[in-house]
Every structure is written in structure tokens, then in C-alpha cells.
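S.K.: quick one: sequence plus predicted model below, questions after.
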Number of protein chains: 2
Amino acid sequence: MQIIEKQSGEAFKLKKGQLLKVIDPQGKQVSDMVLFNTDDKREKISSGKTMDYEESILISKANYIWSNRSNKMMEILEDTNGRNDFLLAPCSPETFKIMYKNDKYHPSCFENLYTNLEKFDIEPDDIPTAFNIFMNVQFDKYGKISVKPPKTKAGDYILFEARMDLIVGLTACSAEDSNGGSFKPIHYEILD
Amino acid sequence: MQIIEKQSGEAFKLKKGQLLKVIDPQGKQVSDMVLFNTDDKREKISSGKTMDYEESILISKANYIWSNRSNKMMEILEDTNGRNDFLLAPCSPETFKIMYKNDKYHPSCFENLYTNLEKFDIEPDDIPTAFNIFMNVQFDKYGKISVKPPKTKAGDYILFEARMDLIVGLTACSAEDSNGGSFKPIHYEILD
């Protein structure tokens, strides 16, 4: 079991066929995930292709996560919470300036992704819209978006199977709105 | 007035402060648009950042289109139809294989974007999720997505103001589902 401390991130490799279990150990926390093809990092997770092929804004059990080149990157085998969102980009320093009116330094998923992915030669501009695990983004019929505290309970998890060799970036989210102001760790486990 | 013939595309530069008017001359047609910062093409249109900062899935008059670096790329000054979507990636050869079960060659917005953007040294993997002008993507409260024929009438238009120097890729959409099976041209005009 690996621990991602609150407001931090990790990056690691996952082999095709391996399983990744992402766990919310205390409940009400969000994890941002980005994926890259290990063999060619220009192939990466795509929110637009995933929502298109899965014909859904919400992505859960039995859905696939697709790349910008229309290949399956992961399959979701289990999802005990059932709400994950692919709408919003990872929180970044500018998120806190623009949306939170906070000009001071603030940790962010974007920083925690690119600093951890640097060892795989992935740069800030390479970071796409992330898969927002456990995130509770509500939308009305007019498309108005609001971010609510996650509905996860302690121990809720999502289980992915890698469909290609992957570089994975994963965070414990740093944004107050995403987790109801309670910064918490995220756990993960790689299973063969 | 510039004409984008049915199932084709164009790419051109737009200076900061210039206006771009995209017109549906016959009605019920969709146009995919991607944007790049002329001075650094690694800065590009971002669906995730736009939906985040505008707090909306639907993007229309008075909304901004944001970049992956959290800068405003365009402002929408007018929008006579009022429905544009930022959910789905441009249709690509794989879209027709996977969703339409069509293994033969089919024109696509993705091909029409990258072949036209090649002259600006933009490659296929650089193409992000596009802004889907006039596209009528419906979603229910469970997030289920369905693509309906556009509600545009002949002459409906959207007017953008460039907030930075831009390279613009623009198409007349090639996908049957997006335009009710009726492939039509798109017109555009650059105004100083």
C-alpha cells in the first residue's frame, strides 16, 4: 500500500494487465489521475475521447479510459463510490488566483503532477485534463457546474486494469472546493 | 467572407483584438475550432480550464475560452444560436470505426484540423479537444450524452474576439451524427 500525503502527488509506471487500486482512506477526498503511454508519451489520457466513446460525462465501472489516439488505456473494474468526473482541469496555481482570489502560494494538483512526472521527461504543458477520481461535480440541465464535497466514505476505492504500459500521475487533491476544505491523503496499490 | 467547403477545414492566424465571426450559412451544421498561441504553440485551447473557470458545460455569449496555461484566448461577444459544447473530441478516423462501425475511409474534423494546421508546424498529437460550435450535445442528470442535430437556422453565427495572437483551426464537421447526416459548409469572416 502506497500513501500519497495530503496535497501531494506521485508518478509511477504500470504494466499492461496490472491493476491499480486507488483508495480514499478517510473519505471525502479527490484524486487527479493522468496517464501516458510509456512507449510514446505523446499518447495520453483524453477527456474528450473518453466522454465521446463512453457516451457519458460520468465515468465509472465498466467504462474505459481512452487516449487521444483512440486507444483504451484503462478499464474500470470496480468503483465503490461511483462518481468520477472528467470535466475540469487539475487545480493549478492560477485556479487559486482566479477562482479563490488567493494570490499567495497554494499547493495544486497541477504542480504535484508535473513535479512528479518530470522524472519521466513530462513537462507542465504536457499535462492534460485529468480524470477526477471521487470528485463530486454536479451539473444542472443548463450545464451549470458546481463542485460539492465527495460522497466517498472511508475505504471507498476504484480499481483500474491497465490496457497498455502506462506512466501514471496521481494526486491527493489540494483544492478546498473539491474535498470540502479537508485535505487528506490518498492510498494506492498496484496488483499483479 | 471565407467558405469552408463541406467536410473540410481551414487554418489561419488571428491577431489580438480581431474578431472572428463563424456562420452556419444553411443551418444544422457544426464547426470544430482549436486555438494555439501564435508565439508559443504549446499554449492551446483547454476544455477543462474553460469549463472550470466559466463554471459551465455550455459556453456561449459573455464566456471566455481559456488556455491550458489559464490565459483568456477568446471572448464570445455574440451567439445567435446559443448552444456550443466542449465535451467531445473532434471526430477522427477512429470515431467512424468505433462508433459508426465504418471501416472505410471517412473524412473527419481531426484530419481536417491537422492537415490544415501542418503549415504552422502543429502535429496530429498536438490537437486537443475542440470547441464544438453550434453542436447540440444533450446530457441528462446521469451524465448520459446524446448528439442531436444542431438547432441553428440559416445565418446563425457566433462572434469571438481574440484576446491573444492566435492560430485558429476551423472545420465544417464531417460526422453524420453531429449535423443530422447533412454535410454543409461553414462560413467565417475576420473583422478588424
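M.R.: Thanks, I have the structure now.
S.K.: for chain A, which segments count as strands?
M.R.: Assigned by DSSP state E, the strands in chain A fall at A:2-4, A:9-14, A:19-24, A:31-37, A:40-44, A:64-66, A:72-79, A:131-133, A:136-139, A:145-148, A:156-162, A:166-171, A:186-191.
S.K.: tell me what angle the second one forms with strand A:186-191.
M.R.: Which is strand A:9-14. Counting by axes from the mean of the first three to the mean of the last three CA atoms, to 10 degrees, strand A:9-14 lies at 10 degrees to strand A:186-191.
S.K.: then the helix or strand of chain A with the lowest mean pLDDT to CSV, C-alphas only?
M.R.: Least confident helix or strand of chain A, by mean pLDDT, DSSP states H and E, is helix A:176-179 with a mean of 84. Once non-C-alpha atoms are left out, helix A:176-179 reads as follows in CSV (Å, rounded to 0.1, in the frame of the first residue of the first chain):
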residue,chain,number,x,y,z
GLU,A,176,-10.6,23.4,-0.9
ASP,A,177,-13.8,23.1,-3.0
SER,A,178,-13.0,19.6,-4.2
ASN,A,179,-12.9,18.0,-0.8
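S.K.: mind listing residues that contact that helix?
M.R.: Helix A:176-179 is contacted by residues A:28-30, A:91, A:99-100, A:132, A:135, A:147, A:149-150, A:173 when judged by CB atoms under 8 Å, 6 or more residues apart in numbering or on different chains. Where C-beta positions appear, they are placed from N, C-alpha and C, glycine not excepted.
S.K.: just these now: which is nearest chain B?
M.R.: Checking these against chain B by CB to the nearest CB gives residue A:99 as the nearest, at 6.9 Å.
S.K.: and the gap between the closest one and residue B:52?
M.R.: Residue A:99 sits at a distance of 8 Å from residue B:52 (criterion: CB to CB, to the nearest Å).
S.K.: near chain B, which residues of chain A are found?
M.R.: Counting by CB under 8 Å from any CB of the partner chain, the positions of chain A adjacent to chain B are A:42-43, A:46-49, A:51-53, A:55-58, A:68-70, A:87-90, A:92, A:94-95, A:98-99, A:125, A:127-130, A:139, A:141-146.
S.K.: mean neighbour count and mean pLDDT added to the strands of chain A, as JSON lines?
M.R.: Formatted as JSON lines, the strands of chain A follow (neighbours: other CB atoms under 10 Å in any protein chain shown; pLDDT from 0 to 100):
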{"stretch": "strand A:2-4", "mean neighbour count": "16", "mean pLDDT": "98"}
{"stretch": "strand A:9-14", "mean neighbour count": "20", "mean pLDDT": "98"}
{"stretch": "strand A:19-24", "mean neighbour count": "22", "mean pLDDT": "98"}
{"stretch": "strand A:31-37", "mean neighbour count": "27", "mean pLDDT": "98"}
{"stretch": "strand A:40-44", "mean neighbour count": "16", "mean pLDDT": "98"}
{"stretch": "strand A:64-66", "mean neighbour count": "24", "mean pLDDT": "98"}
{"stretch": "strand A:72-79", "mean neighbour count": "19", "mean pLDDT": "98"}
{"stretch": "strand A:131-133", "mean neighbour count": "28", "mean pLDDT": "98"}
{"stretch": "strand A:136-139", "mean neighbour count": "20", "mean pLDDT": "96"}
{"stretch": "strand A:145-148", "mean neighbour count": "16", "mean pLDDT": "95"}
{"stretch": "strand A:156-162", "mean neighbour count": "22", "mean pLDDT": "98"}
{"stretch": "strand A:166-171", "mean neighbour count": "26", "mean pLDDT": "98"}
{"stretch": "strand A:186-191", "mean neighbour count": "18", "mean pLDDT": "98"}
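S.K.: looking at those, which is nearest to residue B:21?
M.R.: Closest approach to residue B:21 among the strands of chain A is made by strand A:145-148 (27.8 Å; CB to CB).
S.K.: run the chain-centre distance for that closest one.
M.R.: How far strand A:145-148 lies from its chain's middle: 16 Å, per CA atoms, centre = their mean, to the nearest Å.
S.K.: that's all I had, so thanks and see you.
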